[in-house]
Every structure is written in C-alpha cells, then in structure tokens.
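Participant: No sequence on hand, only this structure:
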C-alpha cells in the first residue's frame, strides 16, 4: 500500500523517474508569500485559511501557517485527521459531514484540535449535537449558504437563520458563522463577470447577515473565496476568512482566467508539474508520454507542455499521453523528460504520494502527500 | 501514506462508509468464469492473459490464474513488481519501458519471475539488451505493432521485421512475438464497425507475420484484444493471447457498446461500484453525493446510479457529485447510500486502496489494491 518515491534528495532533475509530481520550491514559496502579504496588506480583520484539499500535505499547511494562515480548510474528516496529526491545530471542515461513523470521528477529532464544521440540514445539526454531547465537546458550526454554485448550502435569508438558531440552541454545538463559497465563480474567464458574480454573492451574504444580526446571532466567521476570486471577497467588507487553495500551485485552468486588463494569468505562477518521459516516437509528428489518466486529471482539459508551444498534449489514455508536434523541426527524442502544467491541480495531486520538491534543478525534499486518497 | 478501509468484514452494506469501491463477488466471479470458459471453449491454442492494469490487485490476478489464465499483463514496472511479489509468476509488460532506473528494475524482476516486455525502438532494444546482459538474464521481447490506435508501436511490415531481427541478434534478449492491441477499437459502439476494425488489424498482423516467417523468425506470442473486441481476435486465427481486463468489472462506457443484435451491453455484467452517500438535499430536484473527482474518474463520462433511472449524475466537483432528480416523487433522503457504475473502471480503481468485496449485502473480504498509484 505504499509507493516508492520517484526521486532521492540531491538528485538532478534529469535523474528523477517519471511520472512524478514536481514542486518548484522557488515558485511555490513566492506564491505562499504572495497571498500571505496580500491578505496582511488588507487589514487585521481578514484571515487566511487556505484549503488543504489542494495539497493534502501537512508540511505545506505548516508553511502556510508560518506565514500567517490561521489554519486550513478540509473537505473530509480523513483529510482533517491527516492535518491535525500532522501538526495543524485549527481545521475548518468546509463541508457537510453525514453518517454515524464519520460524525463520531469528526467530533472525536475536536478533542484533539480546534475543529469547525459546516451544516445545511436540520436533521444533520441534531445528529452533530448528539455526537458532540456524547464526546463532551462543543463543536463550532458554520451554516453553509448557497451563494451561486447550486451545490450544497441553504438559500440565503430565512433558511440560514433557522439553522443558526437551531445550532445556537443545541447543547453540543456553537453557532460560529457562515460558509459562503462560490466555487463556480472561480473559473469564469472574464474579470468583470467574475467580479459581478462575487458582488451578487456578497449581496446574498449581506442580506443573511442582516437577518442574523436582527436576531442577535453573532457571526464570528464569514468564510469563502478561492484563487480565482479572492480579491473580490477580500475587498467586499463581508468575508473575513479566505479559503483559497490552488494559488500555491496554479494550474492550466486557473491560468486561463483573464485579469482586469484582459490578459490571461493571475497573481501567482505555476509551481506544480507532472514530470513525464517520451516513451515512444512512432512518427515525426507523434510522441507518446508515460503520463496519462493515472498521473494527471483531465476533467477540465489537457495539460500544457512547459517551454514548447509547438508541442500539444492531445489525448490521455490510462498510462499514455499523446503529443502532437506541430513544428517539423522539433526534436523530442526517446527518453526526453518534459514538465507538464496539469489542467486541474487538486485531483492531479490526489493521484500521487510524493511531492518531488526541487530548486536549481536539484531535488531538495520529498514531501509525503499524507492525505492522498483520504476520501472518508 | 496508508488509508483506512471504509468497511470491516462482516458488516452489512448499509454500514460501509463512503466513498468506497464495492465489488459484487457473485457478479465478479461470473465474469471471471465467463471469459475463462469462453477462451477454453475456443481451443488449446488460445491463452488468456488478463490485464492487471484494470484491477491492480494480485488477489484478483491469482483468481484469474486459478481459472486458467497464464499470467497477467501490466503497463508499468511497478505494477509488475506488485504482481510478482503478490505471487504472480508470469507477467507481460505490454508497454515500452524507457529510462535507466526502470529498465534496471524490469530486468532485475526477470530474475524473480517470467517477465516479458514490448519494444518499438531500436535504441530502446539496445538498452534493454545491455541491461539484461548486466543482470545475466535473457529477456523475452515482443515487438509492438501499430494496428490502428496510433499510439505506440511501429507500422506493420518491414519495421517490425527489422526490430525482430535486432532483438533476435541481441545477446540479452529473445524475440518472442508481437504485441498487437487495438485500444481505440474497444469503444466503437456498433458491433459491425468494431468487427471491421479488428478485421483490418488482423490483416496488418497477418502481413507482418508472413514477413517474419519468410525470414524464419518464429512468433511464439501474438498478444492483444480487449473486453470490447476479444471475440473477434479470438476467432481470427491470428492472435493466440488475449489481454482483456475490464471484463471482470465492466463500466458505464463498455456497457454502451452494442451487441450483434443492436442491443447495448456485453458478455459480462457490472460488478464494480462506487458507493456514495447523499450528503446534502438543498432542493427537491437536487441531491449532492460525497463522491466526486477524487472517488471516480469522469474522463469518458459520468457514472450511472444503480436502480434509479430517474436520478442522473450530472456534475463532478473534487469531492462532490451533483444528482438531478427527474421524478418529483423520488425520495432520496440525507444519508441514503447509492451504488454508482463508474464511467471508466481503470482510473477509478486507481483512486482507491481497498476493494470492499460483498455478497448478499455483507462484506466478505477487503482486498488491497496493491498497485494503486504504481505509475513508475
């Protein structure tokens, strides 16, 4: 059940086996510092709680906290366990937790660290309260509000008020605020439309907050935002906790978002790559890589080949990636290793067990992806 | 680096945690026996060597061998290592292996078990031969021929002859035959067109074989075929080894293939499911499952919900699956568990560490997916 690391510390990048998940430490560190500084610059009321579902690695979580993050977000209890036992003292499970076994583990974990959870259902709140009482903890709960993604969460206004009241009245629970994340807005390409989406979400949260305040229910936490929209939430005066996760890595999909001036990109740079080898060169215009669906996720599109705009990744099979060489003069011999910017970083990371961290083309560290496969 | 199993032996299916990868043992055993009997019925010249890239589990490989399979296929050296050290004595790496470290491991493994590899490049053949000589083994090599997939493999005719001659003349190697797998044909929906594709592939192999025989190069093995086309290869008189893998599980994509009479389906039945829980019920027509991109692969389409034709899986996020309920009378309460037939079995299996094997709604065994993540 354990996989060998594809590299050893000290190795030159040329000697790293493939497929491997590479992390460019210089770029990664600039990304981590970049968001930390941006958040610090906005003011004392704004906290950064990056999403650990992207990296699944306590080493990275602790680096983020060393630069001011108050803790991390997780989507699963098993991810939260990996973070807490990896040294992270404060975890928001930014998701609903349903099922007896999972709720027991969640509440038990709240005895080991500061753990907060989300809820969008009265029956679930009752179950959480019972379990918390059994374990003798008081669990902070955020009410999830649907601000546009149409996924989990109750509609703004009266429904969150009702749930907040129920939570506040539950002996095992504490009403801690709102979860208001607009996932679908992260990938709206145009800057103005992305901003418009968050403006609309802000209005929904504001209306809900007004109602909660009328009923003297204090909202300590208004949590949300992602890498594609965090500047809008940060500047809204509504959210006080940012959950961006992908900013540390970036991916081909996020890099397609347009900035205010209409150019593609973002405030961060790609630091995460799938390293692959040319394993077959059957024709002049076709090369086959050893990295397919089991080494990278193609759910939002194929990866980009770093430094070769004339080489296009056009098809992924289970263990193979097919490249088309558009330039007849491009040499790409058998055995050549390439870096790919994955289409979608989160599910790509979840396929690997190790980050091969490098600087100046040397492997500097191997970080275990402790919560790889942590879906329970 | 290890994930907890989502179940315990003896548990009722209702108590299994989610997301989990379920294996219906009755259906699985019928599938394993079904292909074994079909191959045995065709005659003594035909061997079954199922592809282990689908299941990544030595327990399953040994079940297949107990029913007559001569060994398994793998795509990666690390998969082959998992099979050999899990008790499988005969592995065909049905793929090219490129890179010093991998080739050393491949050749070393050939001292532990019967290991065969494929090649499509003269330089690679030379490297294989050197490594084999270093380790004191004689490695059997199949020449991969491109029979239509346009992935790896040399074009039929003279190129395989040249490679076969080189292999036969290499001190560390033995020319063992041809790899002729038509992956792209597996998912051609119409029966007649699927057959036509394999007929065309057979012609390419026949032409190559004639040339090899003219030069007195004996082909012990002609290996190929998948779950979608194996009846054609088996009946061709050309192939003598079948590599089908997905037949043990089936998936939504294979179940879309049409039979000779125009009905969808195949000779096998679905035995593999992703088990998921309804974790949010925000509206009458929307339910959210706890199984998204990190629990199932959507590269060829979304999963099917077992037993509920009016419930459709319409979107996968990293940790969430969105269902649309088309029947207003459908009840689907929070906490209800559903079985999903994954769109594509191979990359879905690769996300999990355990098969939760059940019969009569009771967990009968937990089989480790030993080669999960084995991409090196």
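Facilitator: Received it, and whenever you're ready, just let me know what you need. Source: prediction; values computed, not measured.
Participant: Who are the contact partners of the residue of the stretch 101-250 of chain A found nearest chain B?
Facilitator: Per Cβ to the nearest Cβ, residue A:152 is where the stretch 101-250 of chain A lies closest to chain B, at 4.0 Å. The C-beta positions use only the backbone N, C-alpha and C, and glycine is treated the same way. When contacts are counted by Cβ atoms under 8 Å, 6 or more residues apart in numbering or on different chains, residue A:152 touches A:95-96, A:118, A:120, A:144, A:146, B:279-280, B:282, B:288, B:320.
Participant: Redo those residues as TSV? Include distance to residue A:4.
Facilitator: Supplementary listing: the contacts of residue A:152 in TSV, determined by distance: Cβ to Cβ, whole Å:
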residue	distance to residue A:4
A:95	32
A:96	37
A:118	37
A:120	42
A:144	40
A:146	44
B:279	35
B:280	39
B:282	44
B:288	37
B:320	32
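Participant: Surely residue A:185 is in contact with residue A:229?
Facilitator: Yes - using Cβ atoms under 8 Å, residue A:185 is in contact with residue A:229, at 5.3 Å.
Participant: Overlap of the contact sets of the two?
Facilitator: With contacts taken as Cβ under 8 Å, 6+ apart, residue A:185 and residue A:229 have A:194, A:197-198 as neighbours in common.
Participant: just these now: which is nearest residue A:365?
Facilitator: residue A:194 (34.9 Å; Cβ to Cβ).
Participant: Count the residues that sit near the closest one.
Facilitator: 22 (other Cβ atoms under 10 Å in any protein chain shown).
Participant: Work out for me the element it sits within.
Facilitator: Using DSSP states H and E, the secondary-structure element containing residue A:194 is helix A:191-214.
Participant: Show me what the helix or strand just after that helix packs onto, helices and strands only.
Facilitator: Towards the C-terminus, the helix or strand next in line after helix A:191-214, according to DSSP H and E, is strand A:221-224. Strand A:221-224 makes packing contacts with strand A:90-96, strand A:173-179, helix A:191-214, strand A:241-242 when contacts are defined by 3 or more Cβ pairs under 8 Å, 6 or more residues apart in numbering or on different chains; DSSP states H and E.
Participant: Quick one: name the residues of the stretch 151-300 of chain A near chain B.
Facilitator: Remark: the part of the stretch 151-300 of chain A in contact with chain B comprises A:151-155, A:183, A:277-282, A:286, A:288, A:290-291, A:293-295, A:297-299, using Cβ under 8 Å from any Cβ of the partner chain.
Participant: Helix, strand or coil: sort out residue A:231 for me.
Facilitator: The local conformation at residue A:231, judged by DSSP: H, G, I helix; E, B strand; the rest coil, is helix.
Participant: count of neighbours near it?
Facilitator: Neighbour count for residue A:231, taken as other Cβ under 10 Å: 20.
Participant: mind checking how far it is from residue A:77?
Facilitator: In this structure, residue A:231 and residue A:77 are separated by 31 Å, where distance is defined by Cβ to Cβ, to the nearest Å.
Participant: Residue A:250 too?
Facilitator: Residue A:250 sits 28 Å away from residue A:77, going by Cβ to Cβ.
Participant: which ones are touching residue A:367?
Facilitator: Taking Cβ under 8 Å, 6+ apart as the contact definition, residue A:367 lies against A:23, A:57, A:59-60, A:354-355, A:357.
Participant: if you set the cut-off to 6 Å instead, what comes out?
Facilitator: Counting by Cβ atoms under 6 Å, 6 or more residues apart in numbering or on different chains, residue A:367 makes contact with A:57, A:59, A:355, A:357.
Participant: ok, for it, nearest residue in space, not its chain neighbours?
Facilitator: Nearest in space to residue A:367, with sequence neighbours left out and distances taken as Cβ to Cβ, 6 or more residues apart in numbering or on different chains, is residue A:355 at 4.2 Å.
Participant: In the longest strand seen in chain A, which of the residues would be classed as buried?
Facilitator: For chain A, the longest strand by residue count, based on DSSP state E, is strand A:272-283. For strand A:272-283, burial by neighbour count (16 or more other Cβ atoms under 10 Å in any protein chain shown) applies to A:272-282.
Participant: Which of those lies at the shortest distance from residue B:172?
Facilitator: If you rank the buried residues of strand A:272-283 by distance to residue B:172 using Cβ to Cβ, residue A:279 comes first, at 19.9 Å.
Participant: correct me, but that closest one touches residue B:98?
Facilitator: Yes - counting by Cβ atoms under 6 Å, residue A:279 sits close enough to residue B:98 to count as a contact (4.4 Å).
Participant: can you put the buried residues of strand A:272-283 in JSON lines and add pLDDT and distance to residue B:306?
Facilitator: Below are the buried residues of strand A:272-283 laid out as JSON lines (pLDDT from 0 to 100; distance: Cβ to Cβ, whole Å):
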{"residue": "A:272", "pLDDT": "98", "distance to residue B:306": "36"}
{"residue": "A:273", "pLDDT": "98", "distance to residue B:306": "38"}
{"residue": "A:274", "pLDDT": "98", "distance to residue B:306": "34"}
{"residue": "A:275", "pLDDT": "98", "distance to residue B:306": "39"}
{"residue": "A:276", "pLDDT": "98", "distance to residue B:306": "36"}
{"residue": "A:277", "pLDDT": "98", "distance to residue B:306": "40"}
{"residue": "A:278", "pLDDT": "98", "distance to residue B:306": "41"}
{"residue": "A:279", "pLDDT": "98", "distance to residue B:306": "38"}
{"residue": "A:280", "pLDDT": "98", "distance to residue B:306": "39"}
{"residue": "A:281", "pLDDT": "97", "distance to residue B:306": "44"}
{"residue": "A:282", "pLDDT": "95", "distance to residue B:306": "41"}
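Participant: Brilliant, that's me finished.
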